[in-house]
Structure formats: structure tokens, C-alpha cells
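Chemist: Predicted coordinates and the sequence they were generated for:
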Amino acid sequence: MNRALKRISFAVLAMFLLLLINVNFLQGFEATSLSTRPFNDRAVSEANKYQRGDIETADGMKIATTKPTQDLYHFERVYTDGAVYAPVTGYDSIYSATGVEHAEDALLSGNGSQLAFRNFIDMITNKPQKGATVQLTINSKAQLAAYQGLAHILQGTNRVGGVVALNPQTGAILAMASFPSYDPNLLATHDGNKLNSNDSALLKLSPSPLLNNATQTTLPPGSTFKIVTSSSWFTQDPTRNLGSLLDSPQPLKLPNGNQLSNDNGEVCGNGSGKTPILQAFAQSCNTPFAELGIQLGGATLKTTAEAFGMNNAHLDIPGVTVAPSNFTAEGDKSFTAFDAIGQHDTTVTPLQEAMFAATVATGGKLMKPYLIQQVTASDLAVVQSVAPTVLNPAVISPTVAGYLKQMMIQVVQTGTASAFNAANENGLQIAGKTGTAQNGANANPNPDAVFTAFAPADNPKIAVGVIVQGAGYGAAAAAPIAVAVIQAYLATLGIR
């Protein structure tokens, strides 16, 4: 063999050895990484070899289904009223998934270990295999009312808003709406070029429709935080009651020499300088509660706020991304005065607003919010279910919760939300608290509108939290949405 052929032979042998080493390396060390890469068509095809299971509401509305296709992926996702339910379902695309689609992917796709035996039976009986159905806690009527309420106010603006409704007794999420929203069908397409184009267009929008403003956006709570301040004050001294008098100057001189005033400089109560807490809460006076903040101190308020669920970075709700609501204990009492009325650095999500009302509604117990009720296999057998769990068994005492309940009822009967007292017709009584929050981060000159409520007051079935950025007074912008959600849900229970 001449020298040239020998060199070629060695080169071919070396390349063969390198190829052999590379193949073994990929199979031995990179198999898992390669199989989970989003652009791996074979892995995506394998994940979609079964018809994906449905996602449906608690009242039986199918909000995510599939349709057969003639391409590599076999089935394509279809979303009903996509923008209404996007914060709930998320989306499932050939590259990624979010929301419930991501949280329950193994069962929805039919590949979960809980379905292995049923898949085997289906295979030997030649029955088409299908993913499991996920039933949510969402009520379709409450969800639609929440979304339509937000859209009515925010359509055509660059502002955001969110609504969350809870069953206060269980923590089940009855509605979770966000605006702006998006159509998940845009991201369910199997056309890679179209998918990339749609995804890019959504990512360029501001504010982002992909963000769930019901649980991920925090804004100042305004006067709804007076629920926390009042709770802290009542808890501090058991002798205090609804008739206890608060100092109510106008304006209030702060320790740093600045002043804090009531809305439009109004005088609280009868102008005597002392006001019963029931009346101060119903009128949403600022100076009495700011004074309470100074007296209580930031550390005490923080303890109560955290009992209600604030500053919790580990509130795990499968299918939902939750940003913690924030309360920072300030050493400066002048800042604490503003914190006590829901201003300064205090920020909450609409979910937290609903948790405020839900805690009062249950007599002081806070249930853990959850979105997924149960998962059933194609043979209707339940393979996963969720039982209500307590997040905090004693946020406040039943006595304090009773005081807060009466104060929130007074807000709707004679106070800042009295425009909705008509909703109390036919025996329906709503307990609520308005909030109107100045927001330095808000480019809109109007304050953020906030409202939290529960109903019926004597036997609570629903608690609601609403925040609408830059929409003005809580009573004018946020309360109508909450009342609509309450009425829509209670109508499904035969309560009007």
C-alpha cells in the first residue's frame, strides 16, 4: 500500500472512531437533554401521539379541546373564548406550554404514570388512547363577568387590571381574569413560521398580554389595606370594639413635619376630632388609620399583613404563577402612616385582595387558593383530586372578623360603596371595602381603583378582589366589576 492510501485509511479510521465516540456520548450523556429540547420534532411528536385531554370549568364548559390534523403532530389544541380563559389555561404549543397546560402536561398528554395501566388496557383492546381531562374550579359565568368588566374599562388603553374570585370556605378559585389578554390559539398552531411570528408579535406588545395581572402584577391597595390595619388594632387590645373612638384630625401632622389629609380635605365624622372606627372605616377616612399606623408601628402591621398572606414568596398554586404581595416594615413612622392606608411601598395582587375578604368571610381562617379540582382518565376514573387546605387557621379571631364584617357591610350600606346598596335587594347583602390608590409608577393621572368584597354577608359563598390601574375611584371603577362577578356566580347557585 502506498503512502497516500495509508494516510487516507488512517484518516477514515480516525473519523470512524470519533463518530463512534460521539454517538455513544450522545446516547449515554445527552439523551435526556436532546429529548426535551423544544425544537426536537420527534420528541414533540411522541408527546402528541395521544389525543390531548380536555380542560373544563367546574360547571362543565370545555375551554381547551383538540382537533385532528394530518401533520406530524396528529392533534392541534383549540381554545374556546381564548382571551377570557388565557390566564387560566395558559397555552400548549409545539415548543412550550404555560399555565394549567404546563402544570398538568403529563396527564393531559396521556403520558403520566397514573395512566400507564389504562394505556396498556386501551392498547390491547385496540381502543384509541386519550389524555386525561382536567376539571378546574373556575365558574364560567363568574369568569366571563370578570373579563367583560375589565375589558369594558381598559379596552383601548395601555393600562392593566385583574380580578380574582374565591370560594372563601374552600379556597377554590372561581374566577381569574386579566386584561390585556391574548388568544392562546395563536400559539397552538403547528406552522412553525406562523407560531414564531405570532409569538414575536405578542412579546412586543406593552403592556404584555402574556402576564397574568390577576396574580403577577402588584399595585397599591389603597384603603382596602385598612382591613389589615383595623385587624391589627383590634387584636392589640381586646377591649376595643366598633364604637371605639379614633383621633381624626384634618390634616394629620406626621412625625417628619409633613401632613397627610383625607380625600379632598374632607373632615371625618362630625368634626369633633373623634370618630367611631365603624364610621371612619365606612367613610374611608385616611387620617385616623394613618394615626393607627403610627401607634402600631411597622413591625406590628407587618405581622398582621403576613398573616393575611402578604410577603409569601412560596404560595404554590399549580397552574398559576403568583407574585408575592409586599409590605415592608419601615422604621420611619411617617412612612408607616402611609403604609397603614395602603400607600407608600405597600403593593398587592388582585388575588391578595380576594384573600383579604375571604379571611373576614370565614371568621378569621384563610384557605389556600387552588385552581385544579380534579383530573379524570378517559374511563372517567379520578386519577388526581385536590382537597381544600388551610393556609392560616387563625389570621384574626372570630370576634375581630365579626367587627370587620360589620364594618364592610357598613361600607356598602352607607359608606363609600353605598351606590351598590341596591344589590342588597331580595335579601342579598354584600360586604366590601373600596380603595383609591395613588401610584407613582402609573403614568395615568388617575389613581388605581380597588375593591374587595364577599357575599352573601351572612353566609359567604364568594369573595372577590379587583384592581384596575389608573381607573379612578374604587367605588366607581372596581366595585361594579366585583358586584357583577358576585351576582353572576350567585345566580348559578340560585341566589339573587
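Modeler: On my side now, so go ahead.
Chemist: Quick check: phi and psi on the nearest residue to Asn167 once chain neighbours are set aside?
Modeler: In space, Asn167 comes closest to Leu174 once its chain neighbours are excluded; the distance is 5.9 Å by Cβ to Cβ, 6 or more residues apart in numbering. In this view, the C-beta of every residue, glycine as well, is placed from N, C-alpha and C. Torsion angles at Leu174 (phi, psi; degrees, to the nearest 10) stand at phi -90, psi -30.
Chemist: Please list all residues in contact with Leu174.
Modeler: By Cβ atoms under 8 Å, 6 or more residues apart in numbering, the contact set of Leu174 is 58, 137-139, 142-143, 165-167, 462, 489.
Chemist: Can you give me the pLDDT of it?
Modeler: On pLDDT, Leu174 comes in at 98.
Chemist: gap between it and Gln51?
Modeler: 29 Å (Cβ to Cβ, to the nearest Å).
Chemist: With Gly474 instead?
Modeler: As judged by Cβ to Cβ, Gly474 and Gln51 stand 46 Å apart.
Chemist: Please report how far the most centrally placed residue in the chain lies from Leu351.
Modeler: By Cα atoms, centre = their mean, the chain has its centre lying nearest to Thr215, at 3.1 Å. Distance, Thr215 to Leu351, using Cβ to Cβ: 5 Å.
Chemist: anything in contact with each of these two?
Modeler: Overlap of the contact sets of Thr215 and Leu351 (by Cβ under 8 Å, 6+ apart) consists of 162, 164, 176, 322.
Chemist: Could you pick out which of those are located in strands?
Modeler: 162, 164, 176 (DSSP state E).
Chemist: so what's the first one bridging to?
Modeler: Using DSSP bridges, the beta-bridge partners of Gly162 come out as Ser178, Ile467.
Chemist: Identify the residues contacting it.
Modeler: For Gly162, the contact set (Cβ under 8 Å, 6+ apart) comprises 150, 177-179, 212-215, 217, 349-351, 466-467.
Chemist: So for stretch 65-82, mean pLDDT?
Modeler: 92.
Chemist: Can you report how many residues neighbour Arg3?
Modeler: 7 (other Cβ atoms under 10 Å).
Chemist: ditto for Ala475
Modeler: Ala475 has 24 neighbours, counted by other Cβ under 10 Å.
Chemist: A helix includes it, no?
Modeler: Yes - assessed with DSSP: H, G, I helix; E, B strand; the rest coil, Ala475 lies in a helix.
Chemist: For Ile63, see how far away it is.
Modeler: Remark: distance between Ala475 and Ile63 (Cβ to Cβ) = 32 Å.
Chemist: cool, Leu13 as well?
Modeler: Taken as Cβ to Cβ, the span from Leu13 to Ile63 is 60 Å.
Chemist: who's more crowded, these two?
Modeler: Neighbour count, other Cβ under 10 Å: between Leu13 and Ile63, Ile63 has more, with 24 against 10.
Chemist: three-state assignment of that one?
Modeler: What three-state DSSP gives for Ile63 is strand.
Chemist: That one and Asp81 touch, don't they?
Modeler: Yes - under the criterion of Cβ atoms under 8 Å, Ile63 makes contact with Asp81 at 6.8 Å.
Chemist: Any stretches of the stretch 151-300 of the chain with poor pLDDT?
Modeler: Scanning the stretch 151-300 of the chain for pLDDT under 70 picks out no residues.
Chemist: Strands of that one, start to end?
Modeler: Remark: strands assigned in the stretch 151-300 of the chain by DSSP state E, counting those that start in this stretch are 161-166, 173-179, 245-247, 252-253, 259-260, 274-276.
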